[in-house]
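> Quick one, structure for this:
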Amino acid sequence: MRMSHYSRVVAEAYGFSKADTNNLFSAAPMHDIGKIGIPDSIMLKPGKLTEEEFSIMKKHPEIGAEILGESDSGLIALAKVVSLTHHEKWDGTGYPNQLKGENIPIEGRIVALADVFDALTSVRPYKDEWPVEKAMEFIHSQKGKHFDPELVDCLEQQLDKILDIKERWKD
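Residues are numbered from 1 along each chain as shown. Next comes the predicted model:
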């Protein structure tokens, strides 16, 4: 839920319409639906994944897109785009298709940023929660590399709202 709310805040700051913001809010939770196709031994592994395990994990965007399939629903079509593109990186080094810059759909770029912020500032089986300051330093260091620079600015400008969401939707 948190990352969906983060996505909404960033989308609003970026200038999305109310309808487009609400659609992204509804589609964002489906970004990792493909992880249901990843073995629990990888999903729940404490610590770093091996190269082989990570190559399996990197299949989840395409698995998600396959699960969502072809649909007449605009929401499902958007969720498919988000699933397939939320691990692409601004500099073209992401996966699965090494899309670069504005070739990555804006919704995927927004969810990527929201998802990383949420992952860094939350406990995961493989890591402790980072302080917000450390997470923001990392995100800022990835501006123009992993993340769309304009979206990083939107996140920074809306950090008070983001932190309110983080507090409201604690684990």
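> And the helices in the chain?
Secondary structure of the chain (DSSP state H): helices located at 2-14, 18-27, 40-43, 51-57, 60-68, 74-85, 106-120, 132-141, 149-157, 159-168.
> mind checking how far the residue in the chain sticking out farthest from the centre is from residue 54?
Within the chain, residue 72 marks the point farthest from the mean C-alpha position, 23.9 Å out by C-alpha atoms, centre = their mean. Counting by C-beta to C-beta, to the nearest Å, the gap from residue 72 to residue 54 is 35 Å. Where you see a C-beta, it was placed from the backbone N, CA and C, and this is true even at glycine.
> again, but for residue 121
Taking C-beta to C-beta, one finds residue 121 at 22 Å from residue 54.
> the more surrounded of those two?
More neighbours surround residue 121 than the other of residue 121 and residue 54, with 19 against 11 (other C-beta atoms under 10 Å).
> And for the residue nearest to that one when sequence neighbours are not counted, the neighbour number?
In this structure, residue 121 finds its nearest non-sequential neighbour in residue 135, 5.0 Å apart by C-beta to C-beta, 6 or more residues apart in numbering. A count of neighbours around residue 135, defined by other C-beta under 10 Å, yields 18.
> And for the one 10 residues further on?
Residues near residue 145, counting by other C-beta under 10 Å, number 12.
> Who are the contact partners of the closest residue in space to residue 101 that isn't next to it in sequence?
Once flanking residues are discounted, residue 101 sits nearest to residue 90: 5.9 Å by C-beta to C-beta, 6+ apart. Residue 90 is in contact with 100, 101, 104, 109, 144, 145, 146, 147, 148, 149, counting by C-beta atoms under 8 Å, 6 or more residues apart in numbering.
> Going by neighbour count, which of those residues comes out on top?
Using other C-beta under 10 Å as the neighbour criterion, residue 109 leads these with 26 neighbours.
> and the gap between the closest residue to that residue other than its chain neighbours and residue 21?
Ranked by C-beta to C-beta, 6+ apart and with sequence neighbours excluded, the top spatial neighbour of residue 109 is residue 148, at 4.6 Å. According to C-beta to C-beta, residue 148 stands 17 Å off from residue 21.
> likewise residue 121?
Counting by C-beta to C-beta - residue 121 and residue 21 are separated by 22 Å.
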